[in-house]
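Novice: sequence first, predicted model second:
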Amino acid sequence: MKIFLLTLVTCFAFASSHAQSKKVVAHKKVVLPIPQRHIYESVEEMPRPKGGVENLVGTIARKLHYPDSCELPGGRIIIAFVVEADGTIDNETVVRDPCGNEHLLSNRLFDIVKKTKWTPGKMNGKPVATRYSLPLTICLGSDD
């Protein structure tokens, strides 16, 4: 009787483990790498705003309003961004803003730049993502 119970328990344990191994399905999570895009610093044909840089500067002169809360009366502002291969603007960076860490002036400038249509930079005849810097000197004139 003891041998029968021992055999029965062994068979039951083996059957349980064997049945469980059939039910368990291992799903392996496959993580595909995200392709890294290359952002060019220098290209054969640099990105440009539609209508040219002069047109963009004119638009900025008309639409950029100097914030009253900015303590400095003008100065040099430098922003950098990436003109993507489709002409959109991404990765905005403030290099220098005369209004300090609040970036009051550069945020307004980015709004104007983003609304402008851009022709992307080209490398080997193909549009590519290109870093672009825009330095401007703000000179406030009198209202007279």
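Specialist: Thanks, I have it.
Novice: name the SS class of the residue nearest the centre of the chain, please.
Specialist: Centroid check for the chain by CA atoms, centre = their mean gives Asn91 as the closest residue, at 4.3 Å. The assignment at Asn91 comes out as strand when based on DSSP: H, G, I helix; E, B strand; the rest coil.
Novice: wait, doesn't it sit right on Phe81?
Specialist: Yes: applying CB atoms under 8 Å, one finds Asn91 in contact with Phe81, separated by 6.0 Å. To be clear about C-beta, it is placed using only N, CA and C from the backbone, and glycine gets the same treatment.
Novice: quick check: neighbours shared by the two?
Specialist: Arg131 (CB atoms under 8 Å, 6 or more residues apart in numbering).
Novice: before we move on, back to that, check contacts around the residue nearest to the centre of the chain.
Specialist: Neighbours of Asn91 in contact, by CB under 8 Å, 6+ apart: 39, 81-82, 131.
Novice: again with Ala129
Specialist: Per CB under 8 Å, 6+ apart, neighbours of Ala129: 37-40, 82-85, 90, 120-121.
Novice: let me know the distance separating the residue nearest to the centre of the chain from Arg48.
Specialist: With distances taken as CB to CB, to the nearest Å, Asn91 is found 18 Å from Arg48.
Novice: same thing with Gly87?
Specialist: Per CB to CB, Gly87 is found 10 Å from Arg48.
Novice: swap in Pro120?
Specialist: 9 Å.
Novice: who touches both of the two?
Specialist: Contacts common to Pro120 and Arg48, judged by CB under 8 Å, 6+ apart, are absent.
Novice: between those two, which is the more surrounded one?
Specialist: Each of Pro120 and Arg48 has its neighbours counted (other CB atoms under 10 Å); Pro120 has more, 23 against 16.
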